[in-house]
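Undergrad: quick one, fold the following:
(2 chains)
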Amino acid sequence: MRNSHLTPGVVPGRLSPDDYHDNFSDKAPPFDAHEAAVAADRCYFCHDAPCMTACPTTIDIPLFIREIQTGQPKAAARTILEQNILGGMCARVCPTEQLCEEVCVREVAEGKPVEIGRLQRFATDALMAAGGHPFARAPETGKRIAIVGAGPAGLSCAHRLAMHGHDVVLYDARAKPGGLNEYGIAAYKTVNDFAQAEVAWLMGIGGITIETGKALGRDLHLDTLRGTFDAVFLAIGLAGVNALRIDGEETTHIRDAVDFISELRQAGDLSKIAVGRDVVVIGGGMTAVDAAVQSKLLGAEHVTMVYRRGRERMSASEHEQDHAASKGVRIITGAVPVRFIGKDALEAIEFRYTEETPDGLRETGQTFRLKADQLFKAIGQSLDGAPQGLDLCGRKIAVTGPGRTSLPNVWAGGDCASGGDDLTVTAVAEGRDAAEDIHAQLMV
Amino acid sequence: MADLTTEFAGITSPNPFWLASAPPTDKEYNVRRAFEAGWGGVVWKTLGAEGPPVVNVNGPRYGAVWGADRRLLGLNNIELITDRPLETNLEEMARVKADYPDRALIASIMVPCEEAAWKAILPRVAETGADGIELNFGCPHGMSERGMGSAVGQVPEYIEMVTRWCKEYYDKPVIVKLTPNITDIRYPARAAHNGGADAVSLINTVSSITSVNLDTMSPEPSIDGKGSHGGYCGPAVKPIALNMVAEIARDPETAGLPISGIGGVTTWRDAAEFLALGAGNVQVCTAAMTYGFKVVQEMAAGLSQWMDDKGYKSVAEVTGLATPNVTDWQYLNLNFITKAEIDQDACIKCGRCYAACEDTSHQAIAMSADRTFTVKDEECVACNLCVNVCPVEGCITMRELPTGETDPRTGKPVQDDYANWTMHPNNPSAQAAE
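TA: Numbering: from 1, shown residues only, chains lettered A, B, ... in the order given. Next comes the predicted model:
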């Protein structure tokens, strides 16, 4: 007999094949040409546009929208990609409601911004569908650069360096390139294996070699890389996962949300992925939302996100919170887990309410329990395996200016480096800027 | 609701909205539908002489210009006059007029510039019971190559001659339809007037190519890879039509000549503007072709509502209200001084006013770091460009400087007297004001 949303425990196959298909199809389907023309026509072509300032990669948004409006989506894509080579992925995953669209004058005036993200996707999709690569490589310089980590920062840096004529070797610890684009984003945000398609397209510039399954500290060592290459760019992300530090964290069906999200993205058949009937996600960021929403989409009956502080402190945007709520995820704020209940498998979780005080967050002593047969932890990732000899800033690699570390000829960017917002688009900007700095230094 | 009954050149209709002679009025079926929808009158699609009818192209007849969301702004056509036999049209006209005696039914006519041709067709038109005729001296395409349509409308002597024949052989009102494809619309209007016309109607369509197909390098609409200029109409031509109507309305030589206003009438407001500039009624085509005959209901209701709000009792009362305010540039008051003013609460900080002024005008708008835009009165020449490019209606307005206030741009106080170019010291032929 097939399982349903009422089947107790953590089981696969709660839905019909059609439901799996519908639940994990494109979250924001692409514009057709007419929709794009109408959406583009709403842009006022602002002077010194606020959207452009708000974009971490400073894409000339009014210009690319006007290019769409005048029927040249491929020219629009070029405008985008000159600033942000992963413009296709950013169009899908950027929290535009907190960036360009938040400051759009039409958002301010009428609460309805120009749909910049979807327009960007329209343009970049058109260019990628046409095939080929829009940029040409400069004559070879003979310089070689090692990049560790093929996520957004690494890819962006690699492309820019290759464009300037350098040879790049791009290492990644996992089996596929893409980093969080491939392993860390909800499946319905980037359907049809887009992350891999984008990497393949980006490689079209030439001069980049990818070596997967190579981890820093295991297969690669910074000292060796520094000796072999003219420069090194570290974009190793945050491989560590924060723990709750509660007894019984090893209990069955308590796991890290990032692993769950990654498993989902790599799954060939979603009906083989087990999910609980009563799922609880601890955390208030995008990872928590992605885990919670996807649990619901896999057929869990009840999914609850619990965040320790107030709703306004959640790093998931209001848009993301609304999206979760629209999928039936319940969000509880101001509570922390204190005890797992259950003998062999998880049965329930006890929480304590919290309150903000001048001395910080304090537990009130009042408690409640949530029935739970599966729990996902999404309380943040941390730097893991940073090479010796690099100065740290807090828990990240310290960088100054365009990603310069404390070691000569070593740059860093993306989530592993200090500064930035841990967004894909920020990582792209950091990778690009580091590449320009590396290029400038190598070509002196 | 204000009564919209209109008397135009002796022809009464229940409202001032007539369908212009064009594809929508080509046959009985369409015209009956139009009358059922509420149109006050119909100018039947242009009739040609007895004999084999003209033929039309068998490819596309229309080209278009679109705005946002594919809103049709301009339409271009290469269709000729009716391609159905004269007899068929005349029989249908007679039936329709008999069934709708309260509506205006006008026969549009285009036959060769020979007295015999007009003498032959006019009695037959008269038999239909039509309320009047409209002489098609306007079509710029196809027929003009055969010496008719705008080929006549471009020669005032021909207009006067043919009009005179019509007045001789036909005893109901004769309306002369004018082409805008000339240099000064007053000359053909005067010719029609001199020939005894009861009214003029304008504008007919503007010679045009709407677009070029950049793959085939053919103008659109394309017939087997070639294109021919067509007649342009729709909202895009309204400003041209308004000016031509006003020019005739304020010309002393044609004073009092009834004008049927045509050209881009799409809403009640367009109609009101034509009336205000001197039209006695309006004719509509593109709006009906775009939205269907039902649009007349919005036009009639809107005009009537506006007349109620303003206290106007009849369409005739509205006709010409704005005509006295149309003047020549040289008579505009140079002592009237305004400055742009930005409503900071309404401003959405897009900066278009700044870009327009800084790049293309007088550098009279300042932009602060926090995107506050303010007018520099000492630079503002009151050109109004910022008002026109601002996406928020009413955000930027022009403030009239009161008498005595110093204009920071010139450093001179505003004078309360009227002074125009003819009196200005910079004008070499200025006449002294005293």
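Undergrad: which residues of the stretch 1-150 of chain B lie near chain A?
TA: Counting by Cβ under 8 Å from any Cβ of the partner chain, the residues of the stretch 1-150 of chain B close to chain A are B:68-70. In short, each C-beta sits where N, CA and C put it, glycine included.
Undergrad: how far does the helix or strand of chain B with the lowest mean pLDDT sit from the chain's center?
TA: The weakest-scoring helix or strand in chain B, judged by mean pLDDT, DSSP states H and E, is helix B:150-153 (a mean of 89). Taking Cα atoms, centre = their mean, to the nearest Å, one finds helix B:150-153 lying 18 Å from the centre of the chain it belongs to.
Undergrad: still on that earlier bit, which of the residues of the stretch 1-150 of chain B next to chain A sits closest to chain A?
TA: Relative to chain A, the closest of the residues of the stretch 1-150 of chain B next to chain A is B:A68; by Cβ to the nearest Cβ it sits at 4.0 Å.
Undergrad: report how many residues lie close to that closest one.
TA: Residue crowding around B:A68 was assessed by other Cβ atoms under 10 Å in any protein chain shown; the count is 12.
Undergrad: quick one, phi psi at it?
TA: For B:A68, the backbone dihedrals (degrees, to the nearest 10) come out as phi -60, psi 140.
Undergrad: wait, it touches A:V38, no?
TA: Yes: assessed by Cβ atoms under 8 Å, B:A68 is found in contact with A:V38 at 6.8 Å.
Undergrad: helix/strand/coil for B:M93?
TA: Three-state assignment for B:M93 (DSSP: H, G, I helix; E, B strand; the rest coil): helix.
Undergrad: what's the pLDDT at the closest residue to it other than its chain neighbours?
TA: Counting by Cβ to Cβ, 6 or more residues apart in numbering or on different chains, B:T128 is the residue found nearest to B:M93 once chain neighbours are left out, at 4.2 Å. Note on B:T128: pLDDT of 98.
Undergrad: just list the residues touching B:T128, thanks.
TA: B:90, B:93-94, B:97, B:105, B:107 (Cβ atoms under 8 Å, 6 or more residues apart in numbering or on different chains).
Undergrad: which pair in the residues you listed spans the largest distance?
TA: Maximum pairwise distance among the contacts of B:T128 (Cβ to Cβ): 11.8 Å, between B:L90 and B:L105.
Undergrad: more neighbours: which of those two?
TA: B:L105 (26 against 19).
Undergrad: so what's that one bridging to?
TA: B:V42 (DSSP bridges).
Undergrad: and the residue of chain B found nearest chain A, how far from B:M367?
TA: Going by Cβ to the nearest Cβ, chain A is nearest to B:G351 of chain B, at 3.1 Å. Distance, B:G351 to B:M367, using Cβ to Cβ, to the nearest Å: 7 Å.
Undergrad: read off the pLDDT value for residue 433.
TA: In the absence of a named chain, chain A is used. At A:D433, the model reports a pLDDT of 98.
Undergrad: meant chain B actually
TA: Looking at B:A433, the pLDDT reads 49.
Undergrad: quick one: list the elements packing against the longest strand that chain A contains.
TA: Assignment by DSSP state E gives strand A:360-371 as the longest strand of chain A. Applying 3 or more Cβ pairs under 8 Å, 6 or more residues apart in numbering or on different chains; DSSP states H and E, we find strand A:360-371 packed against strand A:278-282, strand A:302-307, strand A:335-341, strand A:348-357.
Undergrad: helix or strand next in line after the first one, which one?
TA: Meaning strand A:278-282. helix A:286-297 (DSSP states H and E).
Undergrad: render the CA-only coordinates of that following helix in CSV, please.
TA: Presented in CSV, the C-alpha positions along helix A:286-297 are these (Å, rounded to 0.1, in the frame of the first residue of the first chain):
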residue,chain,number,x,y,z
MET,A,286,16.8,30.6,3.8
THR,A,287,18.1,27.1,4.6
ALA,A,288,15.4,26.6,7.2
VAL,A,289,12.7,27.8,4.8
ASP,A,290,14.0,25.6,1.9
ALA,A,291,14.0,22.5,4.2
ALA,A,292,10.6,23.3,5.7
VAL,A,293,8.9,24.0,2.4
GLN,A,294,10.3,21.0,0.7
SER,A,295,9.3,18.7,3.6
LYS,A,296,5.8,19.9,3.0
LEU,A,297,6.1,19.5,-0.7
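Undergrad: that one - what's its average pLDDT?
TA: Helix A:286-297 comes out at a mean pLDDT of 96.
Undergrad: tell me what angle that helix forms with strand A:302-307.
TA: Orientation check (axes from the mean of the first three to the mean of the last three Cα atoms, to 10 degrees): helix A:286-297 against strand A:302-307 gives 170 degrees.
Undergrad: tally of neighbours for A:S382?
TA: Using other Cβ under 10 Å: A:S382 sits among 14 other residues.
Undergrad: circling back: residues of the least confident helix or strand of chain B that come out buried?
TA: Using 16 or more other Cβ atoms under 10 Å in any protein chain shown as the test for burial, helix B:150-153 gives B:150-153.
Undergrad: equivalent analysis for stretch A:78-95, please.
TA: Across stretch A:78-95, burial judged by 16+ other Cβ under 10 Å covers A:78-81, A:83-95.
Undergrad: picking up where we left off before, now render the helices and strands packed on strand A:360-371 as a markdown table, adding mean neighbour count.
TA: Below are the helices and strands packed on strand A:360-371 laid out as a markdown table (neighbours: other Cβ atoms under 10 Å in any protein chain shown):
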| stretch | mean neighbour count |
| --- | --- |
| strand A:278-282 | 27 |
| strand A:302-307 | 24 |
| strand A:335-341 | 18 |
| strand A:348-357 | 16 |
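Undergrad: residues near the closest residue to B:I342 other than its chain neighbours, how many?
TA: For B:I342, ignoring the flanking residues on the chain, the nearest one in space by Cβ to Cβ, 6+ apart is B:I396 at 5.2 Å. For B:I396, the count of nearby residues is 23 (other Cβ under 10 Å).
Undergrad: looking at the stretch 101-250 of chain A, which residue is nearest chain B?
TA: Closest point on the stretch 101-250 of chain A to chain B, by Cβ to the nearest Cβ, is A:A109, at 4.0 Å.
Undergrad: give me the element that residue is part of.
TA: Assigned by DSSP H and E, A:A109 falls in helix A:105-110.
Undergrad: if we can go back for a sec, name the residues that touch the least confident helix or strand of chain B?
TA: Residues contacting helix B:150-153 (Cβ under 8 Å, 6+ apart): B:113, B:137-140, B:143-145, B:158-159, B:162, B:177-179, B:181-182, B:188, B:204, B:207.
Undergrad: among the residues you listed, the buried ones, what's the ChimeraX command?
TA: Buried members of the contacts of helix B:150-153, defined by 16+ other Cβ under 10 Å, are picked up in ChimeraX with:
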select /B:113,137,138,139,140,143,144,158,159,162,177,178,179,181,182,188,204,207
